[in-house]
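1. next one to model:
(chains A and B)
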Amino acid sequence: GENVEQHPSTLSVQEGDSAVIKCTYSDSASNYFPWYKQELGKRPQLIIDIRSNVGEKKDQRIAVTLNKTAKHFSLHITETQPEDSAVYFCAAKADFGNEKLTFGTGTRLTIIP
Amino acid sequence: EAQVTQNPRYLITVTGKKLTVTCSQNMNHEYMSWYRQDPGLGLRQIYYSMNVEVTDKGDVPEGYKVSRKEKRNFPLILESPSPNQTSLYFCASRFTDSGNSPLHFGNGTRLTVT
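-> Take a look at the predicted model:
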(Lines give C-alpha, C1' and ligand atoms only; values in the text may rest on other atoms or scores of the structure.)
Protein backbone atom coordinates (compact mmCIF):
# COMPACT_ATOMS: atom_id res chain seq x y z
CA GLY A 1 0.00 0.00 0.00
CA GLU A 2 0.87 3.67 -0.11
CA ASN A 3 3.30 5.12 2.43
CA VAL A 4 3.63 8.88 2.91
CA GLU A 5 6.52 10.39 4.85
CA GLN A 6 6.41 13.99 6.01
CA HIS A 7 9.19 16.28 7.26
CA PRO A 8 9.84 18.08 9.47
CA SER A 9 7.60 17.09 12.34
CA THR A 10 7.91 20.54 13.90
CA LEU A 11 8.85 23.85 12.31
CA SER A 12 9.19 27.32 13.79
CA VAL A 13 9.60 30.39 11.58
CA GLN A 14 9.63 34.11 12.19
CA GLU A 15 6.54 35.96 11.11
CA GLY A 16 6.99 37.14 7.54
CA ASP A 17 9.44 34.39 6.62
CA SER A 18 8.64 31.40 4.41
CA ALA A 19 7.88 27.84 5.54
CA VAL A 20 8.39 24.66 3.54
CA ILE A 21 7.02 21.22 4.40
CA LYS A 22 8.06 18.19 2.37
CA CYS A 23 6.42 14.83 1.72
CA THR A 24 7.44 11.72 -0.16
CA TYR A 25 5.18 8.90 -1.30
CA SER A 26 5.81 5.34 -2.38
CA ASP A 27 3.02 4.37 -4.80
CA SER A 28 3.75 5.57 -8.33
CA ALA A 29 0.03 5.18 -9.09
CA SER A 30 -0.83 8.05 -6.73
CA ASN A 31 -2.19 10.98 -8.68
CA TYR A 32 -3.84 13.29 -6.15
CA PHE A 33 -2.00 15.15 -3.39
CA PRO A 34 -3.99 17.34 -0.99
CA TRP A 35 -2.77 19.35 1.98
CA TYR A 36 -4.85 19.78 5.11
CA LYS A 37 -4.51 22.34 7.88
CA GLN A 38 -5.65 21.51 11.41
CA GLU A 39 -5.87 24.36 13.87
CA LEU A 40 -5.74 23.55 17.56
CA GLY A 41 -8.84 21.64 18.66
CA LYS A 42 -10.41 21.72 15.21
CA ARG A 43 -10.97 19.44 12.25
CA PRO A 44 -8.53 19.08 9.36
CA GLN A 45 -9.51 21.29 6.44
CA LEU A 46 -8.30 21.20 2.85
CA ILE A 47 -6.15 24.19 1.95
CA ILE A 48 -4.74 23.21 -1.43
CA ASP A 49 -4.37 20.17 -3.65
CA ILE A 50 -2.49 19.16 -6.76
CA ARG A 51 -3.01 16.52 -9.38
CA SER A 52 -0.34 14.51 -11.12
CA ASN A 53 -0.68 16.35 -14.43
CA VAL A 54 0.37 19.63 -12.79
CA GLY A 55 3.82 20.51 -11.44
CA GLU A 56 2.90 23.53 -9.34
CA LYS A 57 -0.21 25.24 -8.02
CA LYS A 58 -0.53 28.54 -6.16
CA ASP A 59 -3.27 30.10 -4.09
CA GLN A 60 -2.27 33.48 -2.69
CA ARG A 61 0.48 32.81 -0.11
CA ILE A 62 0.31 29.05 -0.45
CA ALA A 63 1.87 26.93 -3.18
CA VAL A 64 2.37 23.24 -3.71
CA THR A 65 4.96 21.65 -5.99
CA LEU A 66 5.03 18.08 -7.26
CA ASN A 67 7.90 16.03 -8.64
CA LYS A 68 6.44 12.76 -9.89
CA THR A 69 9.79 11.35 -10.93
CA ALA A 70 11.20 11.73 -7.44
CA LYS A 71 7.81 11.02 -5.81
CA HIS A 72 7.81 14.05 -3.61
CA PHE A 73 5.67 17.11 -3.13
CA SER A 74 6.03 20.19 -0.98
CA LEU A 75 3.94 22.91 0.62
CA HIS A 76 5.30 26.44 0.55
CA ILE A 77 3.85 29.23 2.67
CA THR A 78 5.22 32.71 2.04
CA GLU A 79 4.93 35.83 4.21
CA THR A 80 3.82 33.73 7.15
CA GLN A 81 1.33 35.14 9.63
CA PRO A 82 0.36 34.08 13.17
CA GLU A 83 -2.84 32.47 11.86
CA ASP A 84 -0.71 30.06 9.82
CA SER A 85 0.23 28.33 13.10
CA ALA A 86 -1.34 24.87 12.89
CA VAL A 87 -0.62 21.23 12.13
CA TYR A 88 -0.33 20.52 8.41
CA PHE A 89 -0.91 17.11 6.85
CA CYS A 90 0.01 15.99 3.38
CA ALA A 91 -1.78 13.07 1.76
CA ALA A 92 -1.70 10.95 -1.36
CA LYS A 93 -4.33 8.97 -3.21
CA ALA A 94 -3.96 6.37 -5.90
CA ASP A 95 -6.11 5.95 -8.99
CA PHE A 96 -9.84 6.47 -9.21
CA GLY A 97 -10.73 2.91 -8.24
CA ASN A 98 -9.20 3.34 -4.80
CA GLU A 99 -10.61 6.20 -2.78
CA LYS A 100 -8.23 5.88 0.16
CA LEU A 101 -6.26 8.94 1.22
CA THR A 102 -3.02 8.06 3.00
CA PHE A 103 -1.83 10.84 5.30
CA GLY A 104 1.60 11.89 6.42
CA THR A 105 2.34 12.16 10.13
CA GLY A 106 1.88 15.93 10.24
CA THR A 107 4.01 19.04 10.76
CA ARG A 108 3.38 21.39 13.64
CA LEU A 109 4.12 24.87 12.31
CA THR A 110 4.62 27.69 14.79
CA ILE A 111 4.89 31.28 13.61
CA ILE A 112 6.95 33.42 15.98
CA PRO A 113 5.66 37.00 16.18
CA GLU B 1 -25.19 24.06 6.07
CA ALA B 2 -23.21 21.23 4.46
CA GLN B 3 -21.47 19.31 7.19
CA VAL B 4 -20.33 16.08 8.76
CA THR B 5 -21.72 15.67 12.27
CA GLN B 6 -20.15 13.40 14.86
CA ASN B 7 -21.45 12.59 18.31
CA PRO B 8 -20.41 12.70 21.02
CA ARG B 9 -17.54 15.19 20.99
CA TYR B 10 -16.06 13.75 24.17
CA LEU B 11 -16.47 10.29 25.66
CA ILE B 12 -14.93 8.66 28.68
CA THR B 13 -15.64 4.98 29.17
CA VAL B 14 -14.27 1.87 30.82
CA THR B 15 -12.62 -1.16 29.29
CA GLY B 16 -15.08 -3.58 27.75
CA LYS B 17 -18.16 -1.35 27.69
CA LYS B 18 -19.57 -1.28 24.17
CA LEU B 19 -19.93 2.13 22.59
CA THR B 20 -20.99 3.71 19.33
CA VAL B 21 -19.82 6.97 17.80
CA THR B 22 -22.29 8.32 15.30
CA CYS B 23 -21.48 10.10 12.06
CA SER B 24 -23.93 11.73 9.69
CA GLN B 25 -23.41 13.82 6.55
CA ASN B 26 -25.94 15.90 4.65
CA MET B 27 -24.03 16.27 1.38
CA ASN B 28 -25.21 13.05 -0.30
CA HIS B 29 -21.64 11.76 -0.35
CA GLU B 30 -21.11 8.17 -1.41
CA TYR B 31 -17.77 7.73 0.36
CA MET B 32 -17.39 7.83 4.13
CA SER B 33 -14.44 6.96 6.31
CA TRP B 34 -13.24 6.83 9.89
CA TYR B 35 -9.77 7.95 10.97
CA ARG B 36 -8.00 7.98 14.31
CA GLN B 37 -5.45 10.63 15.12
CA ASP B 38 -2.61 9.90 17.53
CA PRO B 39 0.46 12.06 18.31
CA GLY B 40 3.29 11.37 15.91
CA LEU B 41 1.20 8.96 13.84
CA GLY B 42 -0.98 11.34 11.88
CA LEU B 43 -4.38 10.25 10.61
CA ARG B 44 -4.80 6.53 10.14
CA GLN B 45 -7.79 5.04 8.39
CA ILE B 46 -9.90 2.56 10.37
CA TYR B 47 -12.70 1.65 7.97
CA TYR B 48 -14.25 3.15 4.89
CA SER B 49 -17.41 2.78 2.85
CA MET B 50 -17.78 3.37 -0.88
CA ASN B 51 -21.58 3.36 -0.69
CA VAL B 52 -24.56 1.85 1.14
CA GLU B 53 -23.86 -1.70 2.34
CA VAL B 54 -20.27 -1.51 1.03
CA THR B 55 -17.58 -1.30 3.72
CA ASP B 56 -13.93 -2.27 3.87
CA LYS B 57 -11.00 -2.26 6.27
CA GLY B 58 -8.51 0.53 6.42
CA ASP B 59 -5.06 0.37 7.97
CA VAL B 60 -6.05 -0.13 11.62
CA PRO B 61 -9.42 -1.95 11.74
CA GLU B 62 -8.78 -4.25 14.71
CA GLY B 63 -11.26 -3.70 17.53
CA TYR B 64 -13.69 -1.67 15.44
CA LYS B 65 -16.85 -2.33 13.45
CA VAL B 66 -18.86 -0.13 11.12
CA SER B 67 -22.13 -0.30 9.24
CA ARG B 68 -23.59 1.62 6.31
CA LYS B 69 -27.31 0.96 6.18
CA GLU B 70 -28.13 4.45 4.95
CA LYS B 71 -26.15 6.77 2.74
CA ARG B 72 -25.94 9.57 5.29
CA ASN B 73 -24.90 7.54 8.37
CA PHE B 74 -21.71 5.67 9.16
CA PRO B 75 -21.46 4.72 12.84
CA LEU B 76 -18.24 3.44 14.41
CA ILE B 77 -18.73 0.65 16.94
CA LEU B 78 -16.28 -0.47 19.59
CA GLU B 79 -17.63 -3.77 20.90
CA SER B 80 -15.10 -4.09 23.74
CA PRO B 81 -13.03 -0.92 24.04
CA SER B 82 -9.49 -1.13 25.37
CA PRO B 83 -7.13 1.62 26.61
CA ASN B 84 -5.13 1.50 23.36
CA GLN B 85 -8.24 2.81 21.59
CA THR B 86 -7.96 6.07 23.49
CA SER B 87 -7.62 8.53 20.64
CA LEU B 88 -9.15 11.37 18.65
CA TYR B 89 -11.52 10.03 16.02
CA PHE B 90 -12.63 11.75 12.83
CA CYS B 91 -15.37 10.82 10.42
CA ALA B 92 -15.03 12.12 6.88
CA SER B 93 -16.97 12.00 3.63
CA ARG B 94 -16.65 12.96 -0.02
CA PHE B 95 -18.09 12.30 -3.44
CA THR B 96 -16.61 9.43 -5.41
CA ASP B 97 -15.88 11.08 -8.72
CA SER B 98 -13.05 11.46 -11.16
CA GLY B 99 -12.37 14.99 -10.00
CA ASN B 100 -10.92 14.05 -6.63
CA SER B 101 -13.49 16.00 -4.63
CA PRO B 102 -12.22 17.09 -1.20
CA LEU B 103 -12.62 15.06 1.97
CA HIS B 104 -14.84 16.80 4.55
CA PHE B 105 -14.14 16.03 8.19
CA GLY B 106 -16.40 16.07 11.20
CA ASN B 107 -15.44 17.91 14.40
CA GLY B 108 -13.90 14.87 15.99
CA THR B 109 -14.64 12.65 18.98
CA ARG B 110 -12.11 12.46 21.77
CA LEU B 111 -12.39 9.01 23.34
CA THR B 112 -10.75 7.99 26.59
CA VAL B 113 -10.88 4.34 27.68
CA THR B 114 -9.82 3.68 31.26
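2. what are the phi and psi values at A:Leu66?
-> Main-chain torsions, A:Leu66, degrees, to the nearest 10: phi -130, psi 130.
3. that one touches A:Ile50, doesn't it?
-> Yes - A:Leu66 is within contact range of A:Ile50, at 5.1 Å (criterion: CB atoms under 8 Å). Bear in mind the C-beta positions are built from the backbone N, C-alpha and C, glycine included.
4. low-confidence stretches in chain B?
-> Along chain B, segments meeting pLDDT under 70 span B:98-99.
5. residues from it in reach of chain A?
-> Listed as neighbours of chain A in chain B under the rule CB under 8 Å from any CB of the partner chain: B:31, B:33, B:35, B:40-45, B:48, B:50, B:58-59, B:90, B:94, B:96, B:98, B:100, B:102-103, B:105-108.
6. and A:Ala91, how many neighbours?
-> 27 (other CB atoms under 10 Å in any protein chain shown).
7. which ones are touching the nearest residue to A:Leu101 once chain neighbours are set aside?
-> What sits nearest to A:Leu101 in space, not counting adjacent residues and going by CB to CB, 6 or more residues apart in numbering or on different chains, is A:Ala91, at 4.6 Å. For A:Ala91, the contacting residues are A:4, A:33-36, A:101-104, by CB atoms under 8 Å, 6 or more residues apart in numbering or on different chains.
8. going by distance to chain B, which of these wins?
-> Lowest distance from chain B to the contacts of A:Ala91 (CB to the nearest CB) belongs to A:Phe103, with 4.2 Å.
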